[in-house]
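>>> Just to be clear, the model below is a prediction. Sequence and coordinates:
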Amino acid sequence: MDYKSYVAQKLNIEGASCEEIKALIVTPPDTSLGDYALPCFKFAKLLRKSPAIIAEELASSFIVDDVVTKVIAVNGYLNFTVNRTTRAFKILIDILLAGENYGASSLGNGKTVCIDYSSINVAKPFHIGHLSTTVIGSALYKIYKKLGYTVVGINHLGDYGTQFGKLIYAYKAWGNREEVEKGRVKELMRLYVKYHDEAEKNPSIDDDARAYFKLIEQGDKECNELFKWFKELTLIDVDKVYKELNVTFDSYNGESFYNDKMDVVISELQEKGLLVESDGAKIVDLEPYGLTPCLILRSDGASLYATRDLAAAIYRKNTYNFDKCLYVVAYQQNLHFKQVFKVLELLGKPWAKDMVHVAFGMVSLEEGTMSTRKGKVVFLEDVINKCCEKALAVINDKNPNLDGKEEVAKAVGTGAVIFGALSSSRIKDIVFSYDKVLNFEGETGPYCQYTYARTASVLKKGGEIGDYSGYELKDQEYELLTELARFPEVLIQSAEKYEPSMITRYAVDVCEAFNKFYFDLKILGEEEVTKNFRLALTKATSTVIKNALTLLGIKAPEQM
Ligand code: ARG
């Protein structure tokens with residue numbers, strides 16, 4: 001029984017199709033008013049009436065039956081109460097049959113979404129500031145996949161700029177292959193810092209560095225081999241972290257990939273009369289749109305970050321023919337993306353409207369949580385390791401004989417980091433606190449994992465799930481089932497709003513509903529029908545928690 005369709009078919013709203021009505025129906029988290037609700041706000045314009053009046057009129061003309069047993073209008077919402085027993089059994093069976101596919105949909109079939117995330121800089125540290133882009137992007141990647149979209153994950157590497165000329169200079173002057181192989185990014189950073197110290201005393205080396213950079217651009221073999229090597233070394237370091245966080249990419253085409261793809265963009269800008277001179281530089285004037293100019297070419301002819309993003313956007317459209325292209329990048333780059341999207345629009349690209357800057361706030365570490373000297377970068381790897389160590393300490397304290405406890409601690413530590421970064425709506429700045437993200441009783445990853453392990457343990461002890469027909473369910477069970485039923489629509493909403501935090505929130509809600517059920521009602525030791533129903537409900541909960549955590553890149557250990 002598809003309740004939303006059933007209800008939508010019974011409603012008659014002039015000018016709105018059954019499909020449109022169905023799409024608006026939601027399952028409210030609080031079931032005291034009803035099991036489904038239709039917000040009437042969207043019809044106000046169409047029907048030239050207030051939402052409250054529309055809801056009331058719809059309620060009075062609705063004929064109830066033994067599927068939909070009650071309809072009431074409250075504040076512009078039309079609330080439906082359905083036959084709870086029928087609905088509950090239906091939800092349960094849906095989840096148990098679908099298993100790990102519960103929540104999957106064909107909504108995105110035939111559509112492609114490109115997601116630009118993590119996008120690290122070569123030879124620079126992978127630090128706490130990259131946490132959000134990496135985990136938000138990766139979660140969106142998995143969510144869109146689950147909804148049936150073709151998804152292209154892109155790591156738009158920062159691998160272009162004069163700093164690579166400086167690095168080559170520094171490597172040649174003070175580096176050696178062995179040290180660099182061993183220390184990787186840390187050693188490259190050391191060389192880079194040394195370069196700057198040296199350049200202060202002897203500015204003429206900047207000319208050499210610039211010359212090296214030119215050589216890279218001109219395709220010089222030795223310089224390009226070094227450059228390629230620096231890139232590989234950086235990727236070895238970041239890939240370790242990506243593995244821990246279950247993050248993957250389909251493309252590592254970074255900024256330098258567009259070196260030979262910018263000329264066409266520049267000619268096109270020129271042809272359309274968009275390129276103007278300003279102090280020797282070439283810009284697109286965006287003043288009519290309330291934006292500062294978009295810099296395309298510097299006075300020395302060098303391209304800029306925006307130039308490469310324009311080329312990248314056009315390349316992505318041509319290559320993947322995306323329906324949407326997301327950029328998961330900090331809000332500090334708001335202006336940059338506004339400019340790039342505007343220039344694409346001015347170039348007459350109708351798909352400029354499909355570009356979305358998925359902005360997020362800053363992550364800082366709580367004072368005193370890391371023994372780093374002020375101003376030093378905090379490596380993401382160190383944050384993850386520290387969380388895993390702390391998780392292991394908790395396990396050693398509470399459950400020292402746990403099988404495979406190192407693995408479990410890893411899952412809990414990384415889970416805590418990911419969940420912590422996805423816990424508030426993305427635009428908010430967050431202060432990362434080890435104690436907070438690792439609190440087993442808070443709204444955290446470990447809390448959800450712990451609840452999952454609880455379901456696993458009940459199921460293990462409970463054995464086979466037999467017949468539960470005729471069971472009359474309790475309120476706590478109905479509440480929990482209602483929560484479980486929301487999963488598919490929470491997924492869709494989180495994709496629409498680009499908000500993985502809706503899934504962390506949801507996972508916590510499910511765990512809370514389960515724990516209420518678990519502490520209020522007995523499962524094992526009850527008579528057969530009751531035990532069977534409660535085991536089935538536990539199994540369904542277990543499935544939903546695991547599916548939700550998996551979308552976030554978090555593992556769900558069976559024991560903790
Ligand atoms: N590497 C850039 C940075 O660290 C982020 C790149 C974002 N993606 C893009 N297409 N501009 O700031």
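That came in fine, so what should we check first?
>>> From the contact counts, what lies against the one helix or strand in the chain whose mean pLDDT sits lowest?
Lowest on mean pLDDT, DSSP states H and E among the helices and strands of the chain sits strand 363-365, with a mean of 89. Secondary-structure packing of strand 363-365 (3 or more CB pairs under 8 Å, 6 or more residues apart in numbering; DSSP states H and E): strand 430-432. (Glycine included, C-beta is placed from N, CA and C.)
>>> What helices and strands are in contact with the strand it packs on?
Contact analysis of strand 430-432 by 3+ CB pairs under 8 Å, 6+ apart lists strand 363-365, helix 405-421 as its packing neighbours.
>>> Report the rounded mean pLDDT for the helix or strand just after that strand.
Counting by DSSP states H and E, the next helix or strand C-terminal to strand 430-432 is helix 434-437. Helix 434-437 shows a mean pLDDT of 95.
>>> Please apply the same query to stretch 13-23.
Rounded mean pLDDT across stretch 13-23 is 92.
>>> Please see if the least confident helix or strand of the chain touches the ligand.
No - Strand 363-365 does not reach the ligand (CB under 6 Å from any ligand atom); its nearest approach is 13.8 Å.
>>> mind saving the C-alpha coords of the next helix or strand after that strand as CSV?
Later in the chain than strand 363-365, the nearest helix or strand by DSSP H and E is helix 380-398. Presented in CSV, the C-alpha positions along helix 380-398 are these (Å, rounded to 0.1, in the frame of the first residue of the first chain):
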residue,chain,number,x,y,z
LEU,A,380,43.6,15.8,9.4
GLU,A,381,45.4,12.5,9.8
ASP,A,382,46.5,13.5,13.3
VAL,A,383,42.9,14.4,14.3
ILE,A,384,41.6,11.1,13.0
ASN,A,385,44.4,9.1,14.8
LYS,A,386,43.8,10.9,18.0
CYS,A,387,40.1,10.1,17.9
CYS,A,388,40.8,6.5,17.2
GLU,A,389,43.2,6.4,20.1
LYS,A,390,40.6,7.9,22.4
ALA,A,391,38.0,5.4,21.2
LEU,A,392,40.4,2.6,21.9
ALA,A,393,40.9,3.9,25.4
VAL,A,394,37.2,3.8,26.0
ILE,A,395,37.0,0.2,24.7
ASN,A,396,39.9,-0.9,26.8
ASP,A,397,38.1,0.6,29.8
LYS,A,398,34.6,-0.8,29.1
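>>> angle of helix 380-398 against helix 405-421?
Per axes from the mean of the first three to the mean of the last three CA atoms, to 10 degrees, the angle that helix 380-398 makes with helix 405-421 is 120 degrees.
>>> re earlier: quick one: contacts of the least confident helix or strand of the chain?
For strand 363-365, the surrounding residues in contact (CB atoms under 8 Å, 6 or more residues apart in numbering) are Ile128, Gly129, Leu131, Ser132, Val378, Val383, Ala421, Asp429, Ile430, Val431, Phe432.
>>> same for the host helix or strand of Ala8, what does it pack against?
Here Ala8 sits within helix 3-10, counting by DSSP H and E. On a contact count with 3+ CB pairs under 8 Å, 6+ apart, helix 3-10 meets helix 18-24, strand 36-39, strand 68-74, strand 77-82.
>>> pLDDT below threshold where in the stretch 251-400 of the chain?
Across the stretch 251-400 of the chain, the ranges flagged by pLDDT under 70 are 367-375.
>>> Please, where are all the helices along it?
263-271, 305-320, 334-346, 380-398 (DSSP state H, counting those that start in this stretch).
>>> Just want the angle from the second one to helix 263-271.
In this structure, helix 305-320 runs at an angle of 110 degrees to helix 263-271, with the same axes, to 10 degrees as the basis.
>>> re earlier: which of the contacts of strand 363-365 are buried? Put it as a ChimeraX command.
Here is the ChimeraX command that picks out the buried ones among those, judged by 16 or more other CB atoms under 10 Å:
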select :128,129,131,132,378,383,421,430,432
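>>> if we can go back for a sec, run me through the strand neighbours of the least confident helix or strand of the chain, direction for each.
strand 430-432 (parallel) (DSSP bridges).
>>> re the thing from before, now mean neighbour count too, for the helices and strands packed on helix 3-10, in JSON lines please.
As requested, the helices and strands packed on helix 3-10 are exported to JSON lines (neighbours: other CB atoms under 10 Å):
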{"stretch": "helix 18-24", "mean neighbour count": "15"}
{"stretch": "strand 36-39", "mean neighbour count": "22"}
{"stretch": "strand 68-74", "mean neighbour count": "17"}
{"stretch": "strand 77-82", "mean neighbour count": "22"}
